[in-house]
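>>> predicted model follows, preceded by the sequence.
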Amino acid sequence: MKLLHVDASPKGANSGSRALSRFFVDRLRAQIPALSVDYLDLAQEILPPITEQFASATYTPVEERTAEMREALAVSDALCARLLAADALLFAMPMHNWTMPAAFKAFVDTIVRGGLTYIATGDGRFVGTLGGKKTLFLTTRGVDLRPGTPFAAMDVLTPALRAAFGFIGVADPVFVDAQPMQFANEVERAAAMRRAKTELSALAEGWGAAEPRDALPKAS
Ligand SMILES: Cc1cc2nc3c(=O)[nH]c(=O)nc-3n(C[C@H](O)[C@H](O)[C@H](O)COP(=O)(O)O)c2cc1C
């Protein structure tokens, strides 16, 4: 299995989402020793917001693009290739102002590309090209937004991720949301971390169980 692992927290070594994404990758590697990981850190590789050049280049047919247009799309082309080459996708991020952090939004704007991650069929339909890839969204939130809590209706992160990635073919993603991670007492924060780790361990086992047998450790 080839996993594309993307971290988006600005908090470096103090980040909860980074700690949890590392935990998941470690658990997955225990299940799938042959796991290969392509790592992208959006706090280090800072993607610019969409420019005028990018916006016009992306909607210009490939054969009509100028050298400047091709240059404007080069980073996006490379990121789309990394997504398409992966069998599985892990996107880890904190909630920022009820939705995704700006670094991850810039990533989304960069990788939703006609002709690469989705195809316009010409009869008004759009078909995503990332179908069939196992996908995990791992999010950390300062408050608890689980159903029934006062903040539940404020979660526009989950639907935003579902919509953007559904459009490019990610039909059935898994969400593991660690919450509350900040605005709660120590006991509640520890419980949130424990719940997330339990879900991540089970998911790693599930992904491992679905791997072809020759990718798994031999029984002795
Ligand atoms: C700029 C900013 C905005 C935030 N907005 C929210 C928010 O809208 N809702 C929420 O529950 N937590 C919010 N938080 C808290 C983070 O989501 C929370 O602390 C999370 O655990 C951080 O994950 P990380 O350590 O991986 O960065 C915000 C934090 C920052 C820095």
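Thanks, I have it.
>>> rest of the way, CA atoms for contacts and neighbours
Noted.
>>> quick one, what contacts the most centrally placed residue in the chain?
By C-alpha atoms, centre = their mean, the chain has its centre lying nearest to F91, at 2.5 Å. Contact partners of F91, counting by C-alpha atoms under 8 Å, 6 or more residues apart in numbering, are H5, V6, D7, A8, T135, L136, F137, L138.
>>> by neighbour count, which of those residues wins?
Within the contacts of F91, most neighbours by other C-alpha atoms under 10 Å means A8, with 28 neighbours.
>>> rewinding a little: which element is the residue nearest to the centre of the chain on?
Here F91, judged by DSSP states H and E, is contained in strand 88-94.
>>> any part of that strand near the ligand?
Yes - on the criterion C-alpha under 6 Å from any ligand atom, strand 88-94 is in touch with the ligand at M93, P94.
>>> how far off centre is that strand?
Distance, stretch centre to chain centre, for strand 88-94: 3 Å (C-alpha atoms, centre = their mean, to the nearest Å).
>>> stretch 182-193 now?
24 Å.
>>> buried stuff in that stretch?
Of all the residues in stretch 182-193, those buried under the rule 16 or more other C-alpha atoms under 10 Å are E188, R189, A192, M193.
>>> and the average pLDDT for it is what?
Averaged over stretch 182-193, pLDDT sits at 98.
>>> now this protein, which segments are flagged as low pLDDT?
213-220 (pLDDT under 70).
>>> is the ligand within reach of the longest helix along the chain?
The residue-count maximum for a helix in the chain (DSSP state H) belongs to helix 186-209. No - against the ligand, helix 186-209 shows no contacts by C-alpha under 6 Å from any ligand atom, the least distance being 9.5 Å.
>>> ok, residues contacting that helix?
By C-alpha under 8 Å, 6+ apart, the residues outside helix 186-209 that reach it are 20, 23-24, 27-28, 31-32, 176-182, 216.
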